[in-house]
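Asks: Based on what follows, work out the 3D shape:
(one chain, ligands or ions: 1)
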Amino acid sequence: MEIVFATNNLHKLEEIGSLLGEKFQLLGLKDLNIEEEIPEDHDTLEENASQKAWYIYKRTGRNCFADDTGLEVEALNGAPGVYSARYSRIGSPTFPEMEPAEGNIRKLLLEMDGKEDRRARFRTVISLILNGKEYQFEGIAGGVITRSRSGAEGFGYDPIFSPDGYEISFAEMDLSLKNKISHRARAVDKLVEMLKGM
Ligand code: IMP
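Replies: All right, here's what the predicted structure looks like:
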């Protein structure tokens, strides 16, 4: 069975492709020559994942899924949340000269300066559209925001997020371990369970 993942991220495609196994042929946006930006202009992960998945379903008529992820920090009332990707660019840009991921980390560490409650969680929502019907899956990884960055693996906020049960950051972890316990892995497990049961 063919299924489209609304992403251009080859790393994500490979990761999910290997979990799905041979019964499924996973296609990315590049495989379909879809080059325009997919709209995601809502204020929740659920709405954005849904919007992206429906956009691709209507555009291609193929079964598909899309994901959206945010880092929700307790002491910041859930921020940056759905705005995680462009956190340092919201309002007056904090570190316009930096790579977005680096600027985001610097801004978050500044916002967390002096805060004792460091609890946070990554949350991923996947929307799957199968024959015109939508299903959503959520995956959560709880942890804390560290006081400084450490590690060079992974991407995004990984150097300042330490998951529950570990003393190290996601960026200090072997990718295979992160991929077992991450928010995305947990949401993908639910997606795969559903698809495999078909
Ligand atoms: P997206 O929904 O996967 O595009 O992610 C939204 C934002 O969250 C981006 O800034 C990513 O860098 C960040 N992000 C998503 N997943 C992870 C992760 O596993 N580790 C660190 N940052 C992540």
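Asks: Quick one: the helices in this protein, in order.
Replies: Ranges of helices within the chain are 10-20, 45-60, 100-111, 175-181, 183-196, based on DSSP state H.
Asks: Packed most tightly, which of the ones you listed would that be?
Replies: Neighbour counts (mean count of other Cβ atoms under 10 Å) averaged over each of these peak at helix 45-60, with a mean of 20. (Each C-beta comes from the backbone N, C-alpha and C, glycine too.)
Asks: Quick one: mean pLDDT over that one.
Replies: Averaging pLDDT along helix 45-60 yields 98.
Asks: can you dump the C-alpha coordinates of that helix into PDB?
Replies: Extracted C-alpha coordinates of helix 45-60, given in PDB (Å, rounded to 0.1, in the frame of the first residue of the first chain):
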ATOM      1  CA  LEU A  45      -0.500  21.300  16.800                       C
ATOM      2  CA  GLU A  46      -3.700  19.300  16.200                       C
ATOM      3  CA  GLU A  47      -5.000  21.900  13.700                       C
ATOM      4  CA  ASN A  48      -1.700  22.300  11.900                       C
ATOM      5  CA  ALA A  49      -1.200  18.500  11.500                       C
ATOM      6  CA  SER A  50      -4.700  18.300  10.200                       C
ATOM      7  CA  GLN A  51      -4.400  21.200   7.900                       C
ATOM      8  CA  LYS A  52      -1.200  19.800   6.300                       C
ATOM      9  CA  ALA A  53      -2.600  16.300   5.900                       C
ATOM     10  CA  TRP A  54      -5.900  17.500   4.300                       C
ATOM     11  CA  TYR A  55      -4.000  19.900   2.000                       C
ATOM     12  CA  ILE A  56      -2.000  16.900   0.600                       C
ATOM     13  CA  TYR A  57      -5.000  14.600   0.500                       C
ATOM     14  CA  LYS A  58      -7.000  17.200  -1.500                       C
ATOM     15  CA  ARG A  59      -4.000  18.000  -3.700                       C
ATOM     16  CA  THR A  60      -3.100  14.400  -4.600                       C
END
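Asks: Give the full set of residues in contact with the residue in the chain positioned nearest to the ligand.
Replies: Residue nearest to the ligand within the chain: G156 (2.4 Å; Cβ to the nearest ligand atom). Contacts of G156 were listed using Cβ atoms under 8 Å, 6 or more residues apart in numbering, and they are 71, 84, 101, 104.
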